[in-house]
Each structure stands twice: as C-alpha cells, then as structure tokens.
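**Q** Just a sequence and a predicted model for now, questions to come.
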Amino acid sequence: MTRRVVLLLLAILIAAGGAFAVWLYVQNLQQEDGETGEQVQVLVATQTIPFGQTAGQAEAAGSLELDTVAAANAVPGALSSIEPIRDLTALAPIYEGEQIIEQKFGTPGSTAQLPIPEGLLALSIQLSDPARVAGFVGPGSEVAIFVTATGPTEADAPEGAGTDLFTTVLIPRIEVIGAGQTTVVSRTTTGEGGEQTTEQIPLAILTLAADQQQAQEIIQAQSQGELYFGLLTDTSETGVGDITRLQDLVTE
C-alpha cells in the first residue's frame, strides 16, 4: 500500500512539473510577443495576381487575405483594405506572399502609377527565363546586368583589330520597378549537319529605373549582344571589373 502511495505521489509531482514547464513556456512566448512591438493587419496575396487583374477580381478569386504582422515587418504603404484599389488593375504580376501596396495597382498603361524614382526614367527590356533568374526577379528587386557580346575587348583597340566573345558587368546595381506578361516565341536553329531544331522560349518584359547614361548603355548592349540579370541582396558585392573572354575559360 505504501509503495502505491509513493508511486501516486511521484506521478502527481511529475504531472505538476510538466504543467509548470508548459506555463513557463507560454509565459516566455507571451513575453516575446510583447517585445516584438505593435501588430498590424495587411493585405497579402495568397496566390499570384496576374498583370491586368483588378483587385476586386483578385478578391473574388480568393487571392487576397488579411494577415497580422509586426509593424516593423509591414511594407511602407501596405494596405489593410481593398477599397482604395478595388477597381484598379495590377500593373505587374503580384506574387504569393507579397504585401499589397497601392502603387502596384492603377489604370493599364498609366505611367503615373508606375513608381519611377525622381530623376530617373523607366526602361523596359525583354528577357528569357534563365536571363531573368528563372522568374525570381520582380518589382522591387535589385539586379546586376551582365552583357555577353562579340567585339574588341580593349577600348583603344585599333581599327581592324580582331574581335572576341566576352562577358562583363554592364550595370552593377539597378532597381526593377515593373514586370509585364510572359510571352512564348519560337526559335529555330540549324545544326552543323543541317538539321533544324525549334524550341519554345518564354520571354518576359521587365522595367528598370535608369538614368540616361544607364539607359543608353543597356539599349546599346542589347542591340549588340545578350543581357543577363543577377539577383542581388543588400550584401551582394558587384562592380564593373575584368572582362571574361572565351579563351579565358580554356586552360592548358
């Protein structure tokens, strides 16, 4: 009998200890929540909202929901109501998880709604999926622009000098402010044996915020070669550096 009483007391003590541990855990969570600061509600995309779809249509399709986030994590201008944009259309695709801001909606073709930074201009270029980092580049992204082209690799190369296939950084860092619809085009290539291969290539239009000199360089580079984007973070290090030639890839 005494043994049973002891076992019962031990069981009670273990249960009490477990309950106390749970209580401490909950208290810690509440304390952490209190330290995060004010909580706010923001509209968030639950799935991709395509270019040209109105906010009202997105709501009807279940593409919008209210989410609660720490105020520090709310995007500046994030909306908590659809009313200011209900009849406006998405100026670029809005991807799942993005917070909704009024600047991304407007009247189709309205440049007044395109968020062009002061003193800059908007420039659009068309790129394939690999060249735009497989679709991970969108409005608000910062990218480095690379160019691959054929031409003299020295600025002071004499007339008639040979040309090389080279790749270099054209623009170390630039902001993407818009993304258009993706279209598919056909490209046919002829192999060494004369056989032809046709492939379907998705192309998307991306809009950059550039100054005049950057715009001139991008337009010139795209007319002479191929452009590629590199997606950047705040800590990415980029800069105009050495040119990489085809022969640089071959080692003896």
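**A** Right, received. Where do you want to start?

**Q** When you work out contacts or count neighbours from here on, use the C-alpha atoms and nothing else.
**A** Noted.

**Q** Strands of the stretch 1-150 of the chain, residue ranges please.
**A** With DSSP state E, counting those that start in this stretch as the criterion, the stretch 1-150 of the chain has strands at 39-45, 64-70, 89-90, 105-106, 121-128, 142-151.

**Q** mean pLDDT for the ones you listed: which is lowest?
**A** Mean pLDDT is lowest for strand 105-106 among the strands of the stretch 1-150 of the chain, at a mean of 80.

**Q** Tell me which other helices or strands it touches.
**A** strand 89-90 (3 or more Cα pairs under 8 Å, 6 or more residues apart in numbering; DSSP states H and E).

**Q** what's the strand it packs on packed up against?
**A** strand 105-106.

**Q** Adjacent strands (with direction) for the strand it packs on?
**A** Sheet pairing of strand 105-106 (DSSP bridges) gives strand 89-90 (antiparallel).

**Q** Helices of the stretch 51-200 of the chain, start to end?
**A** Under the criterion DSSP state H, counting those that start in this stretch, the stretch 51-200 of the chain contains helices at 55-60.

**Q** where in it is pLDDT low?
**A** 108-114, 152-163, 180-189, 191, 198-200 (pLDDT under 70).

**Q** at 50 instead, please
**A** Scanning the stretch 51-200 of the chain for pLDDT under 50 picks out 111-112, 157-158, 160-161, 183-185.

**Q** so of the strands of the stretch 1-150 of the chain, which one's packed in deepest?
**A** strand 105-106 (a mean of 24; mean count of other Cα atoms under 10 Å).

**Q** ok, back up a step: reformat the strands of the stretch 1-150 of the chain as a markdown table; add distance to residue 77.
**A** Converted to a markdown table, these look like this (distance: least, Cα to Cα, whole Å):
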| stretch | distance to residue 77 |
| --- | --- |
| strand 39-45 | 10 |
| strand 64-70 | 14 |
| strand 89-90 | 16 |
| strand 105-106 | 12 |
| strand 121-128 | 22 |
| strand 142-151 | 20 |
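
**Q** start to end distance for stretch 90-98?
**A** End-to-end distance of stretch 90-98 (Cα to Cα, to the nearest Å): 13 Å.

**Q** Could you give the number of residues near residue 117?
**A** Using other Cα atoms under 10 Å, residue 117 has 13 neighbouring residues.

**Q** hang on, it packs against residue 209?
**A** Yes - between residue 117 and residue 209 there is a contact under Cα atoms under 8 Å: 6.9 Å.

**Q** Relative to residue 170, how far out is residue 117?
**A** Taking Cα to Cα, one finds residue 117 at 21 Å from residue 170.

**Q** coming back round to it: which stretch among the strands of the stretch 1-150 of the chain comes nearest residue 213?
**A** Closest to residue 213 of the strands of the stretch 1-150 of the chain is strand 121-128 (Cα to Cα; 10.7 Å).
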